[in-house]
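# Sequence below, structure please.
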Amino acid sequence: MTTEDENENLEEFGKRLHAPDVSWNKPFKDSILDQYKTWMMHELLRQARAEEQLAELIEEIGLAEENMDDFNSYISVV
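This is a model prediction of the structure:
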């Protein structure tokens, strides 16, 4: 068997191997993508909840924007 024949055999083997490999990997990759999208959605929801809680806390303790100017000027002096 010559090197040329070996190369042809390897090319043919590669072509036959590629189709099952792609078909087996697609469900796995789709699953990983779905899990990533779910994780990102939960992260965005968590961040939105944290922002809402922060806004409620600021409102509760009375740090409205007009009070923040006094607060910021006090902090810059210290």
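
# low pLDDT regions in this protein?
By pLDDT under 70, the low-scoring segments of the chain are 1-2, 14-22, 63-78.

# Which helix runs longest in the chain?
In terms of residue count, the longest helix belonging to the chain (DSSP state H) is helix 3-61.

# Report all helices and strands that that one contacts.
Judged by 3 or more Cβ pairs under 8 Å, 6 or more residues apart in numbering; DSSP states H and E, helix 3-61 has no packing partners among the helices and strands. C-betas here are computed from N, CA, C, even on glycine.

# The same query, at a cut-off of 10 Å, please.
Using 3 or more Cβ pairs under 10 Å, 6 or more residues apart in numbering; DSSP states H and E, the elements in contact with helix 3-61 are helix 65-77.

# Can you report how many residues lie near Ile58?
Ile58 has 14 neighbours, counted by other Cβ atoms under 10 Å.

# Ok, Pro27 next?
Residues near Pro27, counting by other Cβ under 10 Å: 9.

# The one 4 residues further on now?
Neighbour count for Ser31, taken as other Cβ under 10 Å: 10.

# same question, Glu52
Residue neighbour count, defined by other Cβ under 10 Å, stands at 10 for Glu52.

# now the one 10 residues further on
The tally of other residues near Gly62 (other Cβ under 10 Å) stands at 7.

# How much space separates it from Lys26?
Separation of Gly62 from Lys26 (Cβ to Cβ, to the nearest Å): 56 Å.

# for Glu11, same thing?
Going from Glu11 to Lys26 by Cβ to Cβ gives 23 Å.

# Okay then, goodbye and thanks.
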